[in-house]
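Chemist: Need a 3D model of the following:
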Amino acid sequence: MKLYIKNYWIKFLLCCGIFLFVFFISGLTETFNWQLTAYLMGVGSFLFLVYFAVDYYMKRQLYAFLSGQTNRIASGDTNPESLAIQRKVSKVLKDQEIDLMIQSEKREQQVTFMNLWVHQMKTPLTVLEMLAQENQLDSDAVLAETQRLKSGLDLALNEARLVEGIEKDFVLKQVSLSEIVNKVINAQKNYFIQYETYPVVHLDEDIIVITDEKWLFFIIEQLLINAIKYSHPKGNILIETKLLDEKPNVIINDFGIGIPREDLFRVWQPFFTGENGRNSGEAAGMGLYLVELAANPLGIMVEIDSSEGQGTTASVEFPKQQS
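Modeler: Numbers count the residues shown, from 1 in each chain. All right, here's what the predicted structure looks like:
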């Protein structure tokens, strides 16, 4: 009934409008007869309601099918073509229901992420405010906090793009792997200084991959930020590009606190911060989740291996490149 009314409410209002118009015109005449007009309006309204009642009765099975109350278009219909239509329509309705659920989950996830992100962005702002109030605006301290703000803003923007899907945003071209890695390292030089860690770089400058430069930069950047964040002070981070089984690889190896074994399989889940993230208080739990969202459409495999207390190795593996 609800679906029928939704489809026919305009016609219903149009008929009511016609009745009111006729009633108004009749009232302008000198020979206006209230009793006759009321009688005609009553008869017209009755016929109008009978028409819609009969029309709904004849189409009730179809609307019951479209609203999901039954799986048959017509009662007792066993025609193969009708059954095929029923199956296709049922599939379309089911797909729409699943799509609505996915969109709802995405919206909830974005709201949760933004709430967490806003909370985390308060920390560098508070630090900058305290430094200003105490007249201690040291350039290194300011750079450190602005770096945290920049990283947070970049993460939020990329989260919005990735959750909606990035296939239409791809620009595939030949990219020098060593150039991308060097750009990422240079972009995070203040982060290295802040955490007192040092990159040790071994790059094969001959490796060329076909990929999207922007999203590859994002993937490597997130892995490098994690390596810096969870390294020991004065420690090194080994960054390599090499061919393994003819497949180009970027390998980032830190020698820091490592990931507990029970947390390792959950690092790809959204909002999972783990023991290390909770201890540092800086983790949003979205970095590796977004890395996976960006890597999968590009055919890139990202793996994390770690031993608690010994460090973590992140590897980015590309498909074999056609010679």
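
Chemist: switch to C-alpha atoms for all contacts and neighbour counts from now on
Modeler: Fine.

Chemist: E213: how many residues sit nearby?
Modeler: Using other Cα atoms under 10 Å, the number of residues around E213 comes to 18.

Chemist: residue contacts, it?
Modeler: Residues in contact with E213 (Cα atoms under 8 Å, 6 or more residues apart in numbering) are 171-173, 175, 180.

Chemist: So among those, which ones count as buried?
Modeler: Buried members of those, scored by 16 or more other Cα atoms under 10 Å, are 175, 180.

Chemist: Helix or strand with the lowest mean pLDDT in this protein?
Modeler: Taking mean pLDDT, DSSP states H and E as the measure, the chain has helix 274-280 as its least confident helix or strand, at a mean of 61.

Chemist: Following element in sequence after that helix, please.
Modeler: As assigned by DSSP states H and E, the chain's next helix or strand after helix 274-280 is helix 287-298.

Chemist: so what secondary structure elements neighbour that following helix?
Modeler: With contacts defined as 3 or more Cα pairs under 8 Å, 6 or more residues apart in numbering; DSSP states H and E, helix 287-298 has these neighbours: helix 139-164, helix 213-229, strand 301-307.

Chemist: Report the angle between the second one and helix 287-298.
Modeler: Orientation note: helix 213-229 sits at an angle of 150 degrees relative to helix 287-298 (axes from the mean of the first three to the mean of the last three Cα atoms, to 10 degrees).

Chemist: C-alpha coordinates for helix 213-229, CSV please?
Modeler: Presented in CSV, the C-alpha positions along helix 213-229 are these (Å, rounded to 0.1, in the frame of the first residue of the first chain):
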residue,chain,number,x,y,z
GLU,A,213,52.6,8.1,-8.5
LYS,A,214,50.4,9.9,-6.0
TRP,A,215,48.9,6.9,-4.4
LEU,A,216,52.3,5.0,-4.4
PHE,A,217,53.7,8.0,-2.5
PHE,A,218,50.9,7.8,0.0
ILE,A,219,51.5,4.1,0.6
ILE,A,220,55.2,4.4,1.1
GLU,A,221,54.8,7.5,3.2
GLN,A,222,52.4,5.8,5.7
LEU,A,223,54.7,2.8,6.1
LEU,A,224,57.7,5.1,6.7
ILE,A,225,55.8,7.3,9.2
ASN,A,226,55.0,4.1,11.2
ALA,A,227,58.6,3.0,11.0
ILE,A,228,59.8,6.4,12.3
LYS,A,229,57.1,6.6,15.0
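
Chemist: Let me see the mean pLDDT of it.
Modeler: Mean pLDDT, helix 213-229: 91.

Chemist: What residues sit buried inside it?
Modeler: With burial defined by 16+ other Cα under 10 Å, the residues of helix 213-229 counted as buried are 213, 215-216, 218-229.

Chemist: Looking at these, spot the one nearest E159.
Modeler: Of all these, F218 has the smallest distance to E159: 11.1 Å, by Cα to Cα.

Chemist: can you give me the strands for this structure?
Modeler: Secondary structure of the chain (DSSP state E): strands located at 172-176, 198-202, 208-212, 236-244, 247-254, 301-307, 311-317.

Chemist: Nearest to M130, out of the ones you listed?
Modeler: Per Cα to Cα, nearest to M130 of these: strand 198-202, 29.1 Å.

Chemist: ok, the closest residue to Q174 other than its chain neighbours - how many residues close by?
Modeler: Nearest residue to Q174, sequence neighbours excluded (Cα to Cα, 6 or more residues apart in numbering): I210, at 4.4 Å. Around I210 there are 17 other residues, counting by other Cα under 10 Å.
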